[in-house]
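K.L.:
Kindly return the folded structure for what I paste below:
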Amino acid sequence: MLKEALTHAVHELGFDCYAYLNIQPVRTYAVSNYPVEWRQRYLGRGYKDVDPVVTTARAKMEAFTWAAESPRRVSSGRVRSFYAEAGDFGIRSGVTIPLKTAFGHMSMLTVASRKPSLSLERDIDQLAAVTAVALLHAKFEQQEAEPTASVQVELTARQALCLKWSAEGKSMRAIAAIEGMSFATVNFHLNNARKALDAGSLAQATARATKLKLI
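P.N.:
Have a look, this model is predicted:
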């Protein structure tokens, strides 16, 4: 119902589609009515690391407009290619409202249009938009809304195994003895798992892997 209501509201405001993006160190997910192929391509190909809208949102943390046509002279070829690809799906301009969330994460709502450009002052109420995104984020978190697309870190079988034993309270020497590995091998896998999970400690890596149901 929330997704349907959001789609209706976006159309009432004169936009074509929306994308709510929640960006975390080890998991990014989207709730959107963008074309299915574009949603899958965006997360599957790691476009959040290319998308200049995400970069601007992180830097400004305030509502802003963007358009595919405006950056052509100054952007890299990869960014121009990204915009051209989005344009093929009818995503040519938009308004993005970023929001800082818990634990240093970020959420952002983009309402997009087929129009070549938009005006921040004319097309959206900034204060109302930020308030709406905060409420939207809280609602999605509360209801654990099913994302329309998501991507998260993956662990190797050995990394997951060693982390699982660590979650059970086993030391690295104990894990080595149980699994018939050397201490150095266990340390290697746990260290790589920690890096993959963007964790500062083994305890944090174990907690994140458990939360993400990787172990």
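K.L.:
which residue ranges form the helices in this protein?
P.N.:
Under the criterion DSSP state H, helices of the chain are mapped to 2-12, 36-44, 52-60, 77-88, 120-123, 126-143, 157-167, 172-179, 183-196, 202-211.
K.L.:
what would those look like in a markdown table with distance to residue 21 and mean neighbour count?
P.N.:
Backbone N, C-alpha and C define where each C-beta goes, glycine included. Below are the helices of the chain laid out as a markdown table (distance: least, C-beta to C-beta, whole Å; neighbours: other C-beta atoms under 10 Å):
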| stretch | distance to residue 21 | mean neighbour count |
| --- | --- | --- |
| helix 2-12 | 14 | 13 |
| helix 36-44 | 9 | 16 |
| helix 52-60 | 7 | 16 |
| helix 77-88 | 14 | 15 |
| helix 120-123 | 19 | 12 |
| helix 126-143 | 11 | 14 |
| helix 157-167 | 27 | 20 |
| helix 172-179 | 37 | 16 |
| helix 183-196 | 21 | 18 |
| helix 202-211 | 19 | 18 |
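K.L.:
Could you list the low-pLDDT ranges of the chain?
P.N.:
For the chain, the stretches with pLDDT under 70 are 69-75, 103, 120-131, 141-152.
K.L.:
if we can go back for a sec, need the helices of the chain in CSV (columns: distance to residue 94).
P.N.:
Shown next, in CSV, are the helices of the chain (distance: least, C-beta to C-beta, whole Å):
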stretch, distance to residue 94
helix 2-12, 11
helix 36-44, 13
helix 52-60, 7
helix 77-88, 10
helix 120-123, 10
helix 126-143, 12
helix 157-167, 38
helix 172-179, 49
helix 183-196, 32
helix 202-211, 31
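K.L.:
Can you say which of the ones you listed is nearest to residue 23?
P.N.:
helix 52-60 (7.1 Å; C-beta to C-beta).
K.L.:
what's next to the closest one, contact-wise?
P.N.:
21, 23, 48, 64, 66, 71, 75, 79, 82, 94, 96, 98, 106, 108, 110 (C-beta atoms under 8 Å, 6 or more residues apart in numbering).
K.L.:
Residue 114: which of the helices of the chain is closest?
P.N.:
In terms of C-beta to C-beta, the element of these nearest to residue 114 is helix 77-88, at 8.9 Å.
K.L.:
do you know how far residue 198 is from residue 47?
P.N.:
Computed as C-beta to C-beta, to the nearest Å, the residue 198 to residue 47 distance reads 19 Å.
K.L.:
Out of the contacts of helix 52-60, which end up buried?
P.N.:
For the contacts of helix 52-60, a burial check counting by 16 or more other C-beta atoms under 10 Å picks out 21, 23, 48, 64, 66, 79, 82, 94, 96, 98, 106, 108, 110.
K.L.:
For the nearest residue to the second one once chain neighbours are set aside, give its distance to residue 92.
P.N.:
Right, the one you point to is residue 23. Distances taken as C-beta to C-beta, 6 or more residues apart in numbering place residue 106 nearest to residue 23, at 5.1 Å, with adjacent residues excluded. Using C-beta to C-beta, residue 106 is found at 24 Å from residue 92.
K.L.:
go on, residue 137?
P.N.:
Distance, residue 137 to residue 92, by C-beta to C-beta: 26 Å.
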